[in-house]
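Turn this into a model:
(one chain, ligands or ions: 1)
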Amino acid sequence: MRVNFETERLVIRPFVPEDAEAAFRWCGDPAVNTYMIYPLYHRAEDVRAWLESRDLDDPDNYDEAIVLKSTGELIGSGGMLFHPERNAWEIGYNLRADQWGHGYVVEYLTALMDRIRRVRPVEAIDGVFAAENQKSRRVMEKLGMVWVRDTQYEKLDGSRTYEAKYYRRNLAQPAEICLVCDRIERTREGNNPYFVRELETGYVVLGDHQRFEGYTLLLCKEHATELNQLAPDFRNAFLRDMALTAEAVQNAFRPDKLNYELLGAGKGRHMHWHLFPRRQGDTKRPGPVWLEEDMNDDRYLPSAEKLEELKATLGRELDRLLG
Ligand SMILES: [Zn+2]
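The predicted structure is shown next:
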């Protein structure tokens, strides 16, 4: 999956083929490779070929680039892979050897686990490490995982077999599923009739109720509550996407004034833009739309035909602005 978020010291983002040189610093390092199942890389071009071959949209595989905020350097990769047969997410990571011992992996994986739990009911995380690898043992302990059984694993090329430990953490309480993350998931799966366009940082959707015709939302791809929680580049792009969406709504529906609101939804407080086309006299008293008690009345649910018309009108304007 493609994710973009920030922790205290890290920026997490999808890989691009241009990362090959930087990734070769650990993919080609025998010290990092010691306990990995994949063979050591000898050329950055091979790392590039691997990066180009990956499916970044696989919902069961989060394998992201770890960037150090303070220097902007790419220092590692990792994430979680879902194993349906045991209903658990297995952790995995690589970190440049000069960056070991700072707790970066734990910082990243803790945040990633929280994110995945907002869209999916995660029951357990687990991991396997070579018994002699004390560094990995500490990472798993810090993630709250405990020993389940001894096991073995071998390198993909069969060159070495390791005595290993299998660790697990059961997550007893299902986390609150975020309403916005859930809506985004359904959009990605093609199950959201209100979806209009995907932009770099969010999804443009029409509001369920069209009491104010042309009411449009921009759902942030990141589960964050405030703008300052987004990585700076992503935040700027999100604001640009908001302005672009607003311009398209204006062109499409020609209101007297457009109202902009950045709100959160439910307990997750996942920010999203509401864009309300306003017209003279459209409410009983002048004021924000939320004062209208009938705003979410079912009579404002658009017919299938009307919905298609609104989506087509807005979609055309977005396409025009996106060039
Ligand atoms: Zn969310």
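
Which residues of the protein lie near the ion?
118, 178, 180-181, 223, 268, 270 (CB under 5 Å from the ion). The C-beta positions use only the backbone N, C-alpha and C, and glycine is treated the same way.

Quick one: the residues you listed as JSON lines, columns for neighbour count and secondary structure too.
Formatted as JSON lines, the residues of the chain next to the ion follow (neighbours: other CB atoms under 10 Å; DSSP: H, G, I helix; E, B strand; the rest coil):
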{"residue": "118", "neighbour count": "19", "secondary structure": "helix"}
{"residue": "178", "neighbour count": "22", "secondary structure": "coil"}
{"residue": "180", "neighbour count": "22", "secondary structure": "helix"}
{"residue": "181", "neighbour count": "23", "secondary structure": "helix"}
{"residue": "223", "neighbour count": "20", "secondary structure": "coil"}
{"residue": "268", "neighbour count": "19", "secondary structure": "coil"}
{"residue": "270", "neighbour count": "23", "secondary structure": "coil"}
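
where's the dip in pLDDT among those residues?
Within those, residue 268 has the lowest pLDDT, namely 76.

Need the phi and psi values for that residue.
phi -70, psi -20 (degrees, to the nearest 10).

residues touching the residue nearest to it when sequence neighbours are not counted, list them.
Among residues not flanking residue 268 along the chain, residue 178 sits closest, at 3.4 Å (CB to CB, 6 or more residues apart in numbering). Residues near residue 178 by CB atoms under 8 Å, 6 or more residues apart in numbering: 118-119, 223, 265-268, 270.

Outside of stretch 110-120 itself, list whatever touches it.
3, 5, 7, 12, 62, 64, 79-80, 89, 122, 125, 143, 171, 174-178, 181-182, 184-185, 223, 268, 270.

should've said stretch 159-177
Contacts of stretch 159-177 (CB under 8 Å, 6+ apart): 35, 39, 88, 114, 117-119, 121-132, 137, 140-141, 143-155, 266-268.

Kindly report the same for stretch 72-81.
So stretch 72-81 is contacted by 15, 19, 22-23, 26, 60-68, 89-96, 99, 104-105, 108-109, 112-113, 116, 125 (CB under 8 Å, 6+ apart).

from the chain's centre, how far out does it sit?
14 Å (CA atoms, centre = their mean, to the nearest Å).

cool, stretch 120-128 as well?
17 Å.

Also stretch 242-256?
With CA atoms, centre = their mean, you get 27 Å for stretch 242-256.

Repeat that for stretch 301-321.
For stretch 301-321, the distance to the chain centre is 27 Å (CA atoms, centre = their mean).

just stretch 232-246 next, same as before
16 Å.

Would you indicate which residues of that stretch are buried?
234-235, 237-238, 241-242, 244-246 (16 or more other CB atoms under 10 Å).

Now do the longest helix along the chain: which elements does it pack against?
Looking across the chain with DSSP state H, the single longest helix is helix 232-253. Under the contact criterion of 3 or more CB pairs under 8 Å, 6 or more residues apart in numbering; DSSP states H and E, helix 232-253 touches strand 202-206, strand 216-220, strand 257-263, strand 272-278, helix 304-322.

mind listing what's buried in stretch 267-281?
So for stretch 267-281, counting by 16+ other CB under 10 Å, buried means 268, 270-278.
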